[in-house]
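Participant: Sequence and computational prediction follow.
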Amino acid sequence: MNDKQLTGEVYYPSKDVIKHANAKCEKLYEEAEKNLEGFWEKEAKNLKWFKKWNKVLDDSEKPFYKWFVGGKTNIAYNCLDVHVETYRRNKLALIWEGEKGEFRSFSYFALRREVCRFSNILKSLGVKKGDRVTLYMGRIPELMIGMLACARIGAIHSVVYGGFSVEALHERLEDSQSKVLIVADGSYQRGKIVQLKQIADEALQRAATVESVLVVKRTGEDVYMEPGRDMWYHELMNLPIANNSCSVEQVDAEDPLFILYTSGTTGKPKAILHTHGGYMVGTYTTLKYVFDIHEDDRFWCAADPGWITGHSYIVYGPLLNGATSFMYEGAPTHPYPNRWWQMIEKYGINILYTAPTAIRGLMRYGEAWPNRHDLSSLRLLGSVGEPINPEAWKWYYRVIGKENCPIMDTWWQTETGMFMITPLPCTPLKPGSGTKPFPGLKMDIVDEDGKPVKTNEEGYLVIKTPWPAMMRTIYNDPDRYVQQYWSRFPGMYMTGDSAKRDEDGYYWIIGRVDDVIKVSGYRLGTAEIESALVSHPSIAEAAAIGLPHDVKGNAIHAFVILRVGYEKSDKLIEELRQHVGHEMGPIAKPEHIDFVDSLPKTRSGKIMRRVLKARALGLDPGNISTLEE
Ligand code: PRX
């Protein structure tokens with residue numbers, strides 16, 4: 001790959017980086033290209049299976065692909081027990097720092113102990129294989145313990161991001177029909193307390209299936225405890241039943257591991273379902289090669305475990321690789337903008353993986369903050385969630401990585417479970433491009449008819465080969481899975497993104513082509529924001545769009561039609577913003593709200609957000625032949 005003269009601005013990895021890398025680039029691409037199933041099978045053999053698979057890939061019922069069919073395993077067993085049985089027993093699995101500066105750490109041994117104890121509690125509450133358990137808290141170790149405990153006993157976890165609010169939580173509890181909710185009393189965010197239990201109580205009034213609520217004490221504020229339903233986590237963990245040993249459920253490779261809700265084109269969020277076997281092999285392998293995980297690495301994925309990035313690369317990927325995962329509870333700028341850099345120095349973090357919005361946010365405070373700290377432990381950097389603008393890329397590379405740390409710009413999705421377009425440490429980099437598909441993956445950029453577009457032309461990003469960590473279905477809605485992802489271009493997985501490919505075969509992501517808005521890397525659906533607005537008594541109709549924003553990437557702009565009898569005012573705008581915050585969560589609050597008399601719609605009544613966006617940006621709205629009069 002190094003031999004060819006590449007076009008544009010290119011950053012070549014150093015000899016040291018290449019020498020250190022787990023991935024011997026050309027060889028890895030070649031092997032996977034030659035034999036896709038053989039490639040993944042070889043990786044799967046590095047993990048522990050109670051029973052070996054009969055078939056690596058079963059595509060007889062595509063798009064319902066199956067991987068490692070007939071195999072029996074358990075991802076939590078591979079994350080913990082496997083290491084406890086080796087010299088890694090006393091190695092740190094998790095280092096945690098709270099926003100207020102508290103420190104906690106867990107060796108592999110200790111983490112397994114806590115997971116076993118909590119698994120026993122869940123079992124004693126009647127949680128069985130296949131039952132759904134919702135977790136709703138901030139970035140605290142109990143979230144990881146809860147997820148792993150569910151996995152250990154074969155229950156399906158559904159983590160709801162701690163920044164979501166009443167209606168978002170209610171909807172997810174109800175759709176998943178969760179039996180148990182694990183919640184924290186509250187969380188810290190920029191020095192303030194978010195009353196998670198209070199939000200949960202309100203959501204629970206609307207959701208009927210939850211039988212038990214387990215409350216983790218984090219802030220120590222007074223909270224309401226419903227008799228017969230609510231129990232303190234720490235009290236349960238002190239009961240004799242919470243003993244240190246808990247047998248592991250030997251699950252089928254294709255048994256569900258978790259569901260995670262994400263926003264799609266229309267209507268309610270979709271419950272993306274991932275399984276034990278394929279997801280395990282996919283996250284293990286991608287992290288090992290892309291972030292070049294070694295025995296002594298401390299890996300910091302600064303995302304939230306409530307999103308796929310945290311599932312795959314705070315919890316599962318690092319533990320499967322026997323690395324040390326670092327988790328920080330709070331905001332990057334609290335109490336000062338050097339918080340992150342201070343922790344990198346303090347803990348000797350080797351790899352930092354974050355989102356462009358965080359980089360842009362920290363960049364605003366200038367170089368002096370990071371320059372006060374010794375960041376020389378860093379070896380690799382990563383970016384995810386949205387396209388990284390070359391300016392932020394270069395700042396990250398120069399100021400944080402000191403021009404020694406390649407940036408792994410990884411493109412992937414909740415649905416893909418693992419990195420899909422990504423460099424390897426030995427890949428020459430171009431700022432703003434995720435470079436190429438991971439070894440073995442065939443991706444393409446196609447036009448309206450599904451035909452590949454020409455070099456440097458924009459089109460729909462599609463995936464043409466199955467991969468082990470791919471979503472298996474939308475929980476309880478297989479038809480929607482087929483319709484949403486596999487029907488637009490037969491035989492190809494539709495990502496919902498538009499992209500270009502340059503003369504060197506490098507991919508450049510442009511953005512979503514559907515009604516998903518990426519705000520600070522968080523994925524929100526216009527439909528959810530609109531329904532939160534319409535649930536306010538003053539609003540008859542609403543439309544939400546994303547407009548470019550310097551730090552957030554996109555900011556939400558809403559257009560609303562008032563009901564008769566209501567007057568527009570600044571006070572109402574603020575009330576509407578608060579209302580969306582209360583129903584959906586602070587990240588969904590519109591930046592701007594405009595009162596309008598009508599919305600552009602197609603003759604069949606669909607809002608043409610594209611027209612609203614073009615108007616707001618002063619651009620040509622393009623083809624408007626379907627616009628109603
Ligand atoms: O639009 C792409 C963008 O994030 C979407 C997936 O969002 P989500 O399911 O929340 O998962 C985010 C983290 C894996 C994609 O469809 N996206 C993700 N990573 C990148 C990106 N856009 C550009 N570059 C990336 N590296």
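Facilitator: That came through fine.
Participant: quick one: the closest residue to Gln177 other than its chain neighbours from Tyr233, how far?
Facilitator: Nearest residue to Gln177, sequence neighbours excluded (C-beta to C-beta, 6 or more residues apart in numbering): Thr209, at 4.8 Å. Using the backbone N, CA and C atoms, a C-beta is placed for each residue, glycine as well. Distance of Thr209 to Tyr233, given as C-beta to C-beta, to the nearest Å: 20 Å.
Participant: repeat for Tyr65
Facilitator: 38 Å.
Participant: now Trp96
Facilitator: In terms of C-beta to C-beta, Trp96 sits 16 Å off from Tyr233.
Participant: And those two? Which one has more around it.
Facilitator: Tyr233 (21 against 18; other C-beta atoms under 10 Å).
Participant: isn't the more buried one right next to Val213, touching?
Facilitator: No: assessed by C-beta atoms under 8 Å, Tyr233 is found out of contact with Val213, at 10.1 Å.
Participant: Which per-residue confidence value corresponds to Asp514?
Facilitator: Looking at Asp514, its pLDDT stands at 88.
Participant: circling back: for Tyr233 and Val213, list the residues in contact with both.
Facilitator: Ile182 (C-beta atoms under 8 Å, 6 or more residues apart in numbering).
Participant: got a list of what Leu260 touches?
Facilitator: With contact set as C-beta under 8 Å, 6+ apart, Leu260 has these partners: 158-159, 271-272, 274, 307-308, 311, 414.
Participant: Touching stretch 186-202 from outside, list them.
Facilitator: Counting by C-beta under 8 Å, 6+ apart, 98-100, 136-140, 162-163, 165-166, 169, 181, 183-185, 213, 215, 218-219, 221, 223-224, 226, 329-331, 333-335 sit against stretch 186-202.
Participant: filter these to the buried ones?
Facilitator: Neighbour counting with 16 or more other C-beta atoms under 10 Å marks 98-99, 136-140, 162-163, 165-166, 169, 181, 183-185, 213, 215, 218-219, 223, 329-331, 333-334 as buried within the contacts of stretch 186-202.
Participant: Now narrow these to whatever sits close to the ligand.
Facilitator: When C-beta under 6 Å from any ligand atom is applied, no member of these is adjacent to the ligand.
Participant: from the residues you listed, which ones fall inside strands?
Facilitator: 136, 181, 183-184, 213, 215 (DSSP state E).
Participant: Just put these in CSV and tack on pLDDT and distance to Arg480.
Facilitator: What follows is these, written out as CSV (pLDDT from 0 to 100; distance: C-beta to C-beta, whole Å):
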residue, pLDDT, distance to Arg480
Tyr136, 98, 24
Leu181, 98, 25
Val183, 98, 28
Ala184, 98, 32
Val213, 98, 30
Val215, 98, 34
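Participant: Relative to the ligand, which of the residues you listed is nearest.
Facilitator: Of all those, Tyr136 has the smallest distance to the ligand: 17.8 Å, by C-beta to the nearest ligand atom.
Participant: so the closest one bridges to which residues?
Facilitator: Val183 (DSSP bridges).
Participant: The residue of the stretch 201-350 of the chain found nearest the ligand: which element?
Facilitator: Relative to the ligand, the nearest point of the stretch 201-350 of the chain is Thr309 (4.7 Å; C-beta to the nearest ligand atom). For Thr309, the element it lies in under DSSP states H and E is helix 308-310.
Participant: ok, residues contacting that helix?
Facilitator: Taking C-beta under 8 Å, 6+ apart as the rule, helix 308-310 contacts 139, 260, 262, 272, 301, 303-304, 353, 384-385, 412-414, 417.
Participant: Which ones among the residues you listed map onto strands?
Facilitator: Short answer: the contacts of helix 308-310 in strands (DSSP E) are 260, 262, 272, 301, 353, 384.
Participant: burial measure for the fourth one, as a count.
Facilitator: By the other C-beta under 10 Å criterion, the neighbourhood of Cys301 contains 25 residues.
Participant: got a list of what the closest residue to the ligand within the stretch 51-200 of the chain touches?
Facilitator: With C-beta to the nearest ligand atom, the shortest gap between the stretch 51-200 of the chain and the ligand falls at Tyr161, namely 10.2 Å. By C-beta under 8 Å, 6+ apart, the contact list for Tyr161 reads 304, 306-307, 522, 585.
Participant: got it, and Met608?
Facilitator: 600-602, 621, 624, 626-627.
Participant: I'd like those laid out as JSON lines, including neighbour count.
Facilitator: Listed next are the contacts of Met608 as JSON lines, based on neighbours: other C-beta atoms under 10 Å:
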{"residue": "Pro600", "neighbour count": "20"}
{"residue": "Lys601", "neighbour count": "16"}
{"residue": "Thr602", "neighbour count": "14"}
{"residue": "Pro621", "neighbour count": "15"}
{"residue": "Ile624", "neighbour count": "13"}
{"residue": "Thr626", "neighbour count": "11"}
{"residue": "Leu627", "neighbour count": "13"}
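Participant: Can you tell me which of the residues you listed is nearest the ligand?
Facilitator: Pro621 (22.4 Å).
Participant: Quick check: the closest one touching Arg615?
Facilitator: Yes: counting by C-beta under 8 Å, Pro621 touches Arg615, with 6.6 Å between them.
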